[in-house]
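**Student:** sharing a model that was predicted from the sequence below.
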Amino acid sequence: SSTKLEESLLSRLRAYCRSYVYTPEEGFRIPLKLILSMTTAVIAVYQVALLLLVAVVPTIQIVRAGMTKDIVVLLVQFGLVPSENPAVPSDMEKELGTVKYYLWSLEVCYICSLVLCCLLTCAMLLRTLVMHRNNLRALYQGAVLDVFYKAHILRPSRRAIACWMSFAAFQTAFTCLGLLIQQVIFFVCSVGFTFLFIIPLQAGTSSPLFKVVQNMWPFWLTLVVAVIVQNLAAHYQFLEQHPLRKELTNRRALYIFTYLFFPINVLVGVLAGVWRMIISGLYNAVHFCQLDISLMNRGVETFDPGYHSYYHYLKIEVSQSHPVMKAFCFLLLQAARPEGSPGLQASNVEEGIQLMQAKKATGSRGRFQQSRARWWLAYTLLNNPSLTACRKTALCDPTANGTQLSPAKP
């Protein structure tokens, strides 16, 4: 059983890591607009990271190189640097080395947090490619509710065209802003962890945080015992387990327990609220550059400008670049060409061309496969929900889409 559990955990971990890696698949091509926006975002991440590195790290190095004993004495008097005898300053050589070590630690924390932010941002951009492929596939099949929280008609509109034009710029801006937010958060967290845990452990001294936790051990013990008691009581006293179902029992005792543990649960709720705030802040900071997900709850997603831009961008891509329509147009262009002229290359058409054969088939079996593929194409054009909104009974204005009207016969 332990072996199966380890295998399941490993398989889940591999699947989770695989979901952040975009692997090309035959029959699907990422739209050129999205590739350009991702490329621009990656270049912008490199430029912003380089600016952050050049603006801060040399300054810290200059301050560390120019640190003098007079400044160290001032820091010792304020209690920022530990000293054996702060009232009577000595040669301050040891304290000077401590200050330089602190500044070096700041530099290391800054560089490590910047590298981590760049890696996370690139991982989120790759995740955007994976999610975009899944969203396009769902919308191509007409599964609108798998992507959006309510049904939408995938038609172009004034707002959709404006969002499509600004999508690449939005992706670049959100990526750079997310990188800055992550850098601030991770730098503060790394500095706090270094100066509250690592440096005191290296120096062999007790951290102020350790002292606070040590003095408050009755409080923490009470919370832990309360949580354990409630879970044990819920499992053994208030839950009656049957072979096929579970039922609630001892309701009177359950109400009494709920009343008695209310004050302690308030304290547990405060800690849970702080943890929720930290986790939600970290999650939103890491996923800030992903426009394919909303950082707001369902129903108010339209108030998220990044997701709003991506939503309308999807509408334009699906309504104007549907692969089945591309395959249909490819067949029309092939039929309109003379026999001797070279045909269109299959690489110029995206997913829908996989229904067709790249070369002219010979024999009865090849003609049968080609006929079946064309029948599937016609059936999809008639019944695909994402294409029904784009069908027209008559072309009202042929010149609007570039169609040339034939001259009237006398």
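**Tutor:** Now that the structure is in, tell me what you want to look at.
**Student:** would you check that residue 208 makes contact with residue 196?
**Tutor:** Yes. Here residue 208 reaches residue 196: they are 7.4 Å apart, a contact under C-beta atoms under 8 Å. Where you see a C-beta, it was placed from the backbone N, CA and C, and this is true even at glycine.
**Student:** the two: who's more crowded?
**Tutor:** A count of neighbours by other C-beta atoms under 10 Å puts residue 196 above the other of residue 208 and residue 196, at 14 against 11.
**Student:** hang on, the more buried one packs against residue 212?
**Tutor:** No. Between residue 196 and residue 212 there is no contact under C-beta under 8 Å: 10.4 Å.
**Student:** all strands for the chain, in order.
**Tutor:** Assigned by DSSP state E, the chain shows strands spanning 239-241, 246-248.
**Student:** list the residues that contact residue 152.
**Tutor:** Going by C-beta atoms under 8 Å, 6 or more residues apart in numbering, residue 152 touches 144, 315.
**Student:** what does it show for phi and psi?
**Tutor:** Taking degrees, to the nearest 10, you get phi -130, psi 150 for the backbone angles of residue 152.
**Student:** quick check, pLDDT for it.
**Tutor:** pLDDT recorded at residue 152 is 71.
**Student:** how many residues are close by residue 68?
**Tutor:** Residues within reach of residue 68, counting by other C-beta under 10 Å, total 10.
**Student:** and the gap between it and residue 295?
**Tutor:** 47 Å (C-beta to C-beta, to the nearest Å).
**Student:** how about residue 9?
**Tutor:** As judged by C-beta to C-beta, residue 9 and residue 295 stand 29 Å apart.
**Student:** who has more neighbours, the two?
**Tutor:** A count of neighbours by other C-beta under 10 Å puts residue 295 above the other of residue 9 and residue 295, at 15 against 10.
**Student:** returning to what we had before: rebuild the strands of the chain as JSON lines, extending it with distance to residue 128, mean neighbour count and mean pLDDT.
**Tutor:** Output for these, formatted as JSON lines (distance: least, C-beta to C-beta, whole Å; neighbours: other C-beta atoms under 10 Å; pLDDT from 0 to 100):
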{"stretch": "strand 239-241", "distance to residue 128": "43", "mean neighbour count": "12", "mean pLDDT": "83"}
{"stretch": "strand 246-248", "distance to residue 128": "41", "mean neighbour count": "9", "mean pLDDT": "84"}
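**Student:** pretty sure residue 289 contacts residue 41?
**Tutor:** Yes. Because the distance of 7.2 Å satisfies C-beta under 8 Å, residue 289 is recorded as touching residue 41.
**Student:** where do the contact lists of the two overlap?
**Tutor:** The overlap between the contact sets of residue 289 and residue 41 (C-beta under 8 Å, 6+ apart) consists of 125, 171, 175.
**Student:** how close does the second one sit to residue 290?
**Tutor:** Meaning residue 171. Residue 171 sits 10 Å away from residue 290, going by C-beta to C-beta.
**Student:** and these two? Which one has more around it.
**Tutor:** residue 171 (27 against 22).
**Student:** these two touch, right, that one and residue 38?
**Tutor:** Yes. Counting by C-beta under 8 Å, residue 171 touches residue 38, with 7.3 Å between them.
**Student:** all helices for the stretch 51-200 of the chain, in order.
**Tutor:** 69-77, 93-140, 158-193, 199-203 (DSSP state H, counting those that start in this stretch).
**Student:** quick one: residues contacting the nearest residue to residue 135 once chain neighbours are set aside.
**Tutor:** Of all residues not flanking residue 135 in the chain, residue 147 sits nearest, at 4.9 Å (C-beta to C-beta, 6 or more residues apart in numbering). Counting by C-beta under 8 Å, 6+ apart, residue 147 touches 135, 138-139, 314.
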